[in-house]
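**Q** Structure of the sequence below:
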Amino acid sequence: MYNFILFEPEDLAPFGPLTLLRSVPELRYGIYSNLERTQRMFSQASIGLWIRPVMQADHEERFPNIKINHKAPRDTILLNAALPAWHYPDAISKLEDQEQGVVLKAGVVIAAKTNEALKYSPQFHSLLANLPPIECDGKSCNNPPTWVWDYLNEMTTAVEFDLGLWESENSCLNKLPADVSSLDDRHIYIHNTAQIGKYVHLDASQGAIIIDKDSKISPFCSLVGPLYIGKRTSLRPGTSIRHSVVGSVCNLGGEIKGSIVHPYSNKSHDGFLGDSILGSWINLGAGTITSNLKNNYQPIRVSWDGNNYDTSRQFLGSIIGDHSKTAIGVRLNTGTLIGAFCNVFQSDFPPRAIPSFSWGNGTYELDKAIQTAMLVFQRRNIQISTTQEQLIRSLADDTTPFIHF
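**A** Next up, the predicted model:
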């Protein structure tokens with residue numbers, strides 16, 4: 001079995017604000033992050049990470065069994081972490097009989113292999129791109145996600161693929177509770193520790209529904225697949241959620257459609273969350289609404305790096321970075337991008353691009369932002385480490401467009 005290294009794309013700006021405090025392989029759009037998915041697919045292999053140096057200490061602390069930015073031994077296969085892992089076997093097959101080479105798609109490195117040991121450096125992408133090119137004509141040659149919202153298109157495939165891995169590790173209820181109504185029971189998977197309230201409706205006719213360990217689904221909820229509800233996540237009474245992926249330890253309510261919610265985020269009240277991606281440690285105030293469709297039905301444009309971009313998407317809500325909060329009744333326009341550590345409380349529509357460390361129309365003081373993060377962590381019996389605090393301070397010190405888009 002080969003050694004594998006997952007590397008971050010050269011251009012990380014399009015993956016913000018979700019990657020301001022996490023690496024690309026940590027992004028979730030299915031049951032597992034792409035790192036977790038790769039570890040399960042290649043359980044006998046050694047898997048390392050090549051990530052931004054600013055993330056190295058944080059990752060070494062959180063992933064002590066993974067080599068971070070270490071030298072790649074000879075014959076190591078390097079894999080683009082932005083590409084969903086179910087494409088990796090095809091990319092690997094193209095390199096197995098080669099001493100060295102690079103699999104490219106539209107100039108983007110999909111996978112690469114060298115015939116000598118390679119040290120990590122922030123400029124390694126140019127070294128990989130100069131390897132002998134290999135014809136790309138299989139599944140691995142699908143366009144890799146180049147913008148963070150591209151992962152909204154991957155949710156259905158990710159849930160279906162991850163389900164096979166998840167089933168091998170978990171025990172499910174053999175029979176649904178009598179007071180739960182359902183469509184297509186064969187595609188409903190409820191961990192035997194999950195709690196399902198009365199008069200819950202589960203519709204798996206369009207895709208599987210997976211409710212993970214120790215989750216709680218309150219009475220009168222409506223769940224429509226494809227859908228994943230993470231460990232220890234709670235749905236408040238009357239929640240309507242469909243075609244979404246929700247990480248662990250979240251509290252959700254109201255209406256949620258076509259969205260990704262990373263672990264430890266809350267939307268506990270009424271309000272609509274549509275075609276959006278939330279990072280971690282986010283709290284949406286009561287009545288927060290995300291618009292996900294323009295009145296003229298035209299493709300949605302976003303503001304990024306001081307420029308406007310056409311997403312080619314008819315439906316796109318908000319992309320919100322870690323530790324951001326909205327006040328009650330906040331209305332977010334289509335294609336709104338919010339950085340990390342923002343407090344959004346404007347009475348009218350807020351701007352469609354809000355830089356990190358924003359407090360309304362002003363600036364969120366760094367020490368106060370860290371103090372709030374500590375309090376939020378303590379509510380979950382977690383202590384913020386010195387390394388994590390330093391990463392936050394590094395984020396605040398960085399004034400590149402990647403941060404303040």
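**Q** tell me the contacts of Y189?
**A** Contacts for Y189 (C-beta atoms under 8 Å, 6 or more residues apart in numbering) come out as 163, 166-167, 170, 172, 208-211. For the C-beta atoms, the positions are set from N, CA and C on the backbone; glycine is no exception.
**Q** quick check, nearest of these to P144?
**A** Each of these was checked against P144 using C-beta to C-beta; the closest is L163, at 22.6 Å.
**Q** Now do the same for that closest one: its pLDDT.
**A** Among the per-residue scores, L163 shows a pLDDT of 98.
**Q** my guess is it contacts I209, does it?
**A** No. Under the criterion of C-beta atoms under 8 Å, L163 lies out of contact with I209, with a separation of 10.1 Å.
**Q** who's more crowded, the two?
**A** I209 (25 against 19; other C-beta atoms under 10 Å).
**Q** Got phi/psi on the closest residue to I392 other than its chain neighbours?
**A** Of all residues beyond its chain neighbours, the one nearest I392 is I370 (5.9 Å), with distances taken as C-beta to C-beta, 6 or more residues apart in numbering. Per-residue torsions, I370: phi -70, psi -40 (degrees, to the nearest 10).
**Q** before we move on, back to that, out of the contacts of Y189, which comes closest to V54?
**A** Each of these was checked against V54 using C-beta to C-beta; the closest is W166, at 32.3 Å.
**Q** Pull the contacting residues for that closest one.
**A** When the contact criterion is C-beta under 8 Å, 6+ apart, the partners of W166 are 31-32, 189, 210, 212.
**Q** and what of S240?
**A** The contact partners of S240, taken as C-beta under 8 Å, 6+ apart, are 221-222, 254-256.
**Q** Can you pull the phi/psi pair for it?
**A** Dihedral angles (degrees, to the nearest 10) for S240: phi -120, psi 120.
**Q** Can you tell me how far it is from G225?
**A** Relative to G225, S240 is positioned 13 Å away (criterion: C-beta to C-beta, to the nearest Å).
**Q** again with A106
**A** According to C-beta to C-beta, A106 and G225 sit 32 Å apart.
**Q** Tell me which of these two has more neighbours.
**A** Shown here are A106 and G225; by other C-beta under 10 Å, G225 has more neighbours (25 against 10).
**Q** Which secondary structure state does the more buried one sit in?
**A** Of the three states, G225 takes strand according to DSSP: H, G, I helix; E, B strand; the rest coil.
**Q** Most distant residue from the centre of the chain?
**A** Distance to the chain centre peaks in the chain at A178, reaching 34.7 Å (criterion: C-alpha atoms, centre = their mean).
**Q** where does the stretch 51-200 of the chain have low pLDDT?
**A** For the stretch 51-200 of the chain, applying pLDDT under 70 flags the ranges 137-142.
**Q** Do a quick rundown of the strands in it.
**A** Read by DSSP state E, counting those that start in this stretch, the stretch 51-200 of the chain holds these strands, from start to end of the chain: 77-80, 101-105, 108-113, 133-134, 181-183, 188-190, 195-196.
**Q** Just the C-alpha atoms of the first one, please, in PDB.
**A** Listed next in PDB are the C-alpha coordinates belonging to strand 77-80 (Å, rounded to 0.1, in the frame of the first residue of the first chain):
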ATOM      1  CA  ILE A  77       1.100   9.700  -4.000                       C
ATOM      2  CA  LEU A  78       0.000  13.200  -3.300                       C
ATOM      3  CA  LEU A  79      -3.800  13.800  -3.600                       C
ATOM      4  CA  ASN A  80      -5.700  17.100  -3.900                       C
END
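**Q** list the buried ones in that strand?
**A** Along strand 77-80, the positions that meet the burial threshold by neighbour count (16 or more other C-beta atoms under 10 Å) are 77-80.
**Q** Which two of these have the greatest separation?
**A** The most widely separated members of those, counting by C-beta to C-beta, are I77 and N80 (11.1 Å).
**Q** joint contacts of these two?
**A** Taking C-beta under 8 Å, 6+ apart as the contact rule, the neighbours common to I77 and N80 are A111.
**Q** now, among the contacts of Y189, which is nearest to N333?
**A** The nearest member of the contacts of Y189 to N333, counting by C-beta to C-beta, is I209 at 30.9 Å.
**Q** Could I get the pLDDT score of the closest one?
**A** Residue-level confidence at I209 comes out at 98, pLDDT.
**Q** Could you do the one 10 residues further on as well?
**A** Looking at P219, its pLDDT reads 97.
**Q** mind checking which helix or strand it is in?
**A** Secondary structure from DSSP states H and E places P219 outside every helix and strand.
**Q** What is the burial count for it?
**A** Other residues near P219 number 14, with proximity taken as other C-beta under 10 Å.
**Q** about what we covered before: give me the neighbour count for the residue nearest to I392.
**A** Other residues within reach of I370, judged by other C-beta under 10 Å, total 18.
**Q** ok, it - contacts?
**A** I370 makes contact with 384, 389, 392-393, according to C-beta under 8 Å, 6+ apart.
**Q** So which of those sit within helices?
**A** The subset of the contacts of I370 located in helices under the criterion DSSP state H comprises 389, 392-393.
**Q** Can you tell me which of those has the most neighbours?
**A** The most neighbours of any of the ones in helices among the contacts of I370, using other C-beta under 10 Å, belong to I392, which has 22 neighbours.
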